[in-house]
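Novice: Can you look at this prediction? I've put the sequence above it.
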Amino acid sequence: MENNFFSKNRILKMILLVLICIGINMAGSRLMSALEWPLYMDCIGTVIAAAMCGYLPGIAVGIFTNLFKSLFDVSSVYYSIINTLVAILVYLVAKKGYLKKLYGAAGLILIITAIGVTYELILAAIMEGSISDVPIIHDTLIELADKSITIGILLLLIHFVPEKQQKFLRCEGWQQNPLSDEAKKLVKKGRKNRGISLRMKLVLVLTTVFVLMGIAAMSISVMLYRSYTIDEHSELAEGTSKLVAELINGDLVDDYLERGYEVPGYKEAETRLYKILGQNKEIKYLYVYKILPDGCHVVLDVDTPDVPSEPPGTIVEFDESFSEELPQLLRGEPIEPKVTEDSYGWLVTSYIPVKNSRGETVCYAITDVSLEMITSKELSFLSRLLLIFISFLILAIAIGLWISEYDIIIPINSMALSASKFAYDEEDSLEENVERIRGLDIHTGDEIENMYKALTKTTEDSGNYVSALRAKTETISQMQNALIMVLADMVESRDESTGDHVRKTAAYTRIIMDKLKEFGYYTDQLTDQFIFDVEHSAPLHDIGKIAISDVILNKPGRLTEEEFNIMKTHTTAGAQLIDQVIRTVPDSGYLVEAKNLAEYHHEKWNGMGYPHGLSGEDIPLSARIMAVADVFDALVSERCYKEAFPFDKAMQIIREDAGKHFDPKVAEAFLASKDEVRQVAEHFTVNKASREVGMTDRLRAEINEEQKK
């Protein structure tokens, strides 16, 4: 992590970059206004922030630029969504590396232009209710030129700004040691989830919360707007009724009812009412009634396109909507404007008393103001709110995602990825586990950091425990091998003819197994564990000889048939002996192979062996391997009853008995390892000679000491 002020104050760094880019947008916009050019140049800072700083700074610059511009032009706030979409598109294109390609930059310009023109049409439909007055071709050309210059400036900056400075401009909120680009991809991708990812859950939660809040806020706003609009229309109706009341001479109302147009001033009053009606489209009806018990007597009425006027003196039935107010009207009292909805439409009606010179109410000046336009105005108002809300919804989600990505998603996935690479097979792996976790250095300062510290401690404790366990296991393994060799030596010490037989046969079995694996034979059985078990249990293959009499075991001549039958029992005796140990230590895999070796190593591939006469692959693989090793060592070793065979002669015998006495594949592997076999044989021959010379020297020294005495 860079050791500078801004790397430790990520929010301050982002705010400063956002303010600078907003300043670039404002400067570009003001410059175009000052030069009176038909370009906007108000999103240069937006595309710079999105491409070089990240999606969050880009969105923030786009929104707040238009908020600042709305201080001078209120309609600018409705364009926030355009700059927001531009920021998102530029960020995605830059992230994919398409900006460096001509088709990528050109495609981006065309898409942004299309979005801008389309939005102009949508906004015109919302604001004006029609798009017929929008100069589409003119606006398209201006938008295309504006965005081409904007993207061109961005490309120049990307080309000339050094990579180091571009890296500094990136607003990344690391709460741990930064990851490489490759590691970042792995961490952001995370492991395959069984259900919805945490990132998607956060998006859904944030979207749901803000949408619900937005719906609530917009619903309240619309209700308040409707209430305000109705109040406004009520004031219009009341003001108009007062104006009409001032035009009517209360002392002449009865004359108007009887003679109408014949009364001086009647026609002039009617003309003025027509003018008032024509001055405002929302005034639907205008008339003057005298309210009497038998009905509403028309004093003055104005024609409208849908309802013709009634002549003076006509009696009109009471409006049922005003049945509750009728007593007040009959008493000549004023009433509050009232909203009604009937066959005449959705109206707010105002009754203003017209008084005579004695102050008596003689009739009412009545105005009906239509509320039908409220619905369309509400839709327009709601649409504008929605445009602003969508911009801030995107900003809110972007902020939530940015914080959750660096404070939750990346730390959790980093820990999961590091933990998934845990290995306990080697000492270095244990240290790598701990160092990998420590290297994350997660410092979110919350529960995530607590979990990280717990994981780090658990990893360290696990490493220490596994190291201790491995040391104990190694000690136990060494003790086990030592005990096996002690048992084998006990048997070998009784058989004066065998020498280093158990050690040599163990070495031969390992050579054979390695070569079989190299050839690709029996790969399903030749696991690392199997090879280990066979090699380390091989010295026990003759453990059953402990039950054979020394007379038979060390007889210098050929055994009789009866003696040979007794000798053959060393296979089953050895199996029974090891089986007793297995019952005590049931999970020791090496003992299973030790039993197989002891019981079956004298079986033959053709079924002519003993003790059970098994043939082919019915004989355990370990025993088939031991059969070759055992016979070969017997051939090349000197016995009390025979001389040692030459090495090549012994190899020839193994070759001839392949497929009869021996598994042909095992024999092939043994013969192919001729050099390694010779090295083992010569090694033990040299060691034996050294031991014999040592014994002779000791005997001579002892004889000399006796003679001196």
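Specialist: Arrived safely, thanks for sending.
Novice: For the stretch 51-200 of the chain, which segments count as strands?
Specialist: Shown for the stretch 51-200 of the chain, no strands are assigned by DSSP state E, counting those that start in this stretch.
Novice: So, low pLDDT: which residues of it?
Specialist: Applying pLDDT under 70 to the stretch 51-200 of the chain flags the ranges 129, 187-194.
Novice: what about the residue lying closest to Thr523 once chain neighbours are set aside, distance to Leu621?
Specialist: Nearest non-adjacent residue to Thr523, counting by C-beta to C-beta, 6 or more residues apart in numbering: Lys517, 6.7 Å away. Quick note: C-beta positions are derived from backbone N, CA and C, even for glycine. Distance, Lys517 to Leu621, using C-beta to C-beta, to the nearest Å: 12 Å.
Novice: In this structure Val222 contacts Leu379, no?
Specialist: No - here Val222 does not reach Leu379: they are 9.4 Å apart, not a contact under C-beta atoms under 8 Å.
Novice: thinking again about what came up before, what residues are up against the residue nearest to Thr523?
Specialist: Remark: with contacts taken as C-beta atoms under 8 Å, 6 or more residues apart in numbering, Lys517 is in contact with 523, 526, 531.
Novice: same question, Leu455
Specialist: With contacts defined as C-beta under 8 Å, 6+ apart, Leu455 is in contact with 415, 419, 437.
Novice: Report pLDDT for the last one.
Specialist: By that I understand Ile437. pLDDT for Ile437: 82.
Novice: now the contacts of Lys517: which count as buried?
Specialist: 526, 531 (16 or more other C-beta atoms under 10 Å).
Novice: Save the contacts of Lys517 as TSV, and put in distance to Asp139 and secondary structure too.
Specialist: Compiled in TSV, these are given as follows (distance: C-beta to C-beta, whole Å; DSSP: H, G, I helix; E, B strand; the rest coil):
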residue	distance to Asp139	secondary structure
Thr523	73	coil
Leu526	77	coil
Ile531	79	helix
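Novice: where in the protein is pLDDT low?
Specialist: The chain contains residues with pLDDT under 70 at 1-8, 129, 187-194, 421-430, 470, 473-499, 585-589, 639-642, 685-709.
Novice: next SSE after the longest helix seen in it?
Specialist: Scanning the chain for the helix with the most residues, using DSSP state H, yields helix 198-247. Going down the chain from helix 198-247, the next helix or strand is helix 253-259, by DSSP states H and E.
Novice: So for that following helix, what gets flagged as buried?
Specialist: By neighbour count on 16+ other C-beta under 10 Å, the buried set for helix 253-259 is 253-257.
Novice: since we're on Glu320, how many residues are nearby?
Specialist: Number of residues near Glu320 (other C-beta atoms under 10 Å) recorded here: 10.
Novice: likewise Ala87?
Specialist: That count, for Ala87 with other C-beta under 10 Å as the rule, works out to 29.
Novice: was I right about it contacting Gly54?
Specialist: No - counting by C-beta under 8 Å, Ala87 stays clear of Gly54, with 9.7 Å between them.
Novice: which element is Val339 on?
Specialist: Taking DSSP H and E as the definition, one finds Val339 inside strand 338-342.
Novice: For the helix or strand just after that strand, output the C-alpha coordinates as CSV.
Specialist: Later in the chain than strand 338-342, the nearest helix or strand by DSSP H and E is strand 345-355. Output of strand 345-355 as CSV, limited to C-alpha atoms (Å, rounded to 0.1, in the frame of the first residue of the first chain):
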residue,chain,number,x,y,z
GLY,A,345,-66.5,16.8,-14.0
TRP,A,346,-64.0,17.1,-11.2
LEU,A,347,-64.4,20.6,-9.9
VAL,A,348,-63.7,23.0,-7.0
THR,A,349,-66.6,25.4,-6.5
SER,A,350,-66.6,28.7,-4.7
TYR,A,351,-69.8,30.6,-3.6
ILE,A,352,-69.2,34.3,-2.7
PRO,A,353,-72.2,36.3,-1.5
VAL,A,354,-73.3,39.3,-3.5
LYS,A,355,-74.8,42.0,-1.2
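Novice: So which other helices or strands are in contact with strand 345-355?
Specialist: If you count contacts as 3 or more C-beta pairs under 8 Å, 6 or more residues apart in numbering; DSSP states H and E, strand 345-355 packs onto helix 198-247, strand 283-292, strand 338-342, strand 361-370, helix 372-404.
Novice: just so I have it, where are all the strands in the stretch 601-709 of the chain?
Specialist: Under DSSP E, counting those that start in this stretch, the stretch 601-709 of the chain gives no strands.
Novice: show me where it has helices.
Specialist: Residue ranges of the helices in the stretch 601-709 of the chain, as given by DSSP state H, counting those that start in this stretch, are 621-636, 647-656, 664-672, 674-708.
Novice: what's the answer for the stretch 51-200 of the chain, then?
Specialist: Using DSSP H, counting those that start in this stretch, helices in the stretch 51-200 of the chain cover 55-69, 80-96, 102-127, 136-160, 163-169, 181-189, 198-247.
Novice: any chance of the ones you listed in JSON lines, with distance to Ser343 too?
Specialist: As requested, the helices of the stretch 51-200 of the chain are exported to JSON lines (distance: least, C-beta to C-beta, whole Å):
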{"stretch": "helix 55-69", "distance to Ser343": "46"}
{"stretch": "helix 80-96", "distance to Ser343": "42"}
{"stretch": "helix 102-127", "distance to Ser343": "31"}
{"stretch": "helix 136-160", "distance to Ser343": "42"}
{"stretch": "helix 163-169", "distance to Ser343": "67"}
{"stretch": "helix 181-189", "distance to Ser343": "64"}
{"stretch": "helix 198-247", "distance to Ser343": "19"}
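Novice: Give me whichever of those is most buried.
Specialist: Burial of the helices of the stretch 51-200 of the chain is given as mean neighbour count (mean count of other C-beta atoms under 10 Å); helix 55-69 ranks first at a mean of 25.
Novice: and Tyr590, what is it in contact with?
Specialist: 480, 532-533, 536-537.
Novice: let's see 7 Å
Specialist: Tyr590 sits next to 533, 536-537 when contact means C-beta atoms under 7 Å, 6 or more residues apart in numbering.
Novice: and what of Val307?
Specialist: Tyr285.
Novice: hmm, 8 Å instead?
Specialist: 285, 344.
Novice: Look at it and give its secondary structure.
Specialist: Following DSSP: H, G, I helix; E, B strand; the rest coil, the label given to Val307 is coil.
Novice: How much space separates it from Glu372?
Specialist: Using C-beta to C-beta, we find Val307 at a distance of 15 Å from Glu372.
Novice: quick one: the residue nearest to Ala634 when sequence neighbours are not counted and Lys649, what's the gap?
Specialist: Distances taken as C-beta to C-beta, 6+ apart place His501 nearest to Ala634, at 7.8 Å, with adjacent residues excluded. Remark: distance between His501 and Lys649 (C-beta to C-beta) = 19 Å.
Novice: Could you check which of the two has the larger neighbour count?
Specialist: In this comparison of His501 against Lys649, neighbours counted by other C-beta under 10 Å, the higher total goes to His501 at 22 against 11.
Novice: Let me see the contact set for that one.
Specialist: The contact partners of His501, by C-beta under 8 Å, 6+ apart, come to 492, 542, 633-634, 637.
Novice: got those as JSON lines, with distance to Gln328 and neighbour count columns?
Specialist: Formatted as JSON lines, the contacts of His501 follow (distance: C-beta to C-beta, whole Å; neighbours: other C-beta atoms under 10 Å):
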{"residue": "Glu492", "distance to Gln328": "129", "neighbour count": "20"}
{"residue": "Asp542", "distance to Gln328": "126", "neighbour count": "25"}
{"residue": "Asp633", "distance to Gln328": "129", "neighbour count": "24"}
{"residue": "Ala634", "distance to Gln328": "132", "neighbour count": "17"}
{"residue": "Ser637", "distance to Gln328": "134", "neighbour count": "22"}
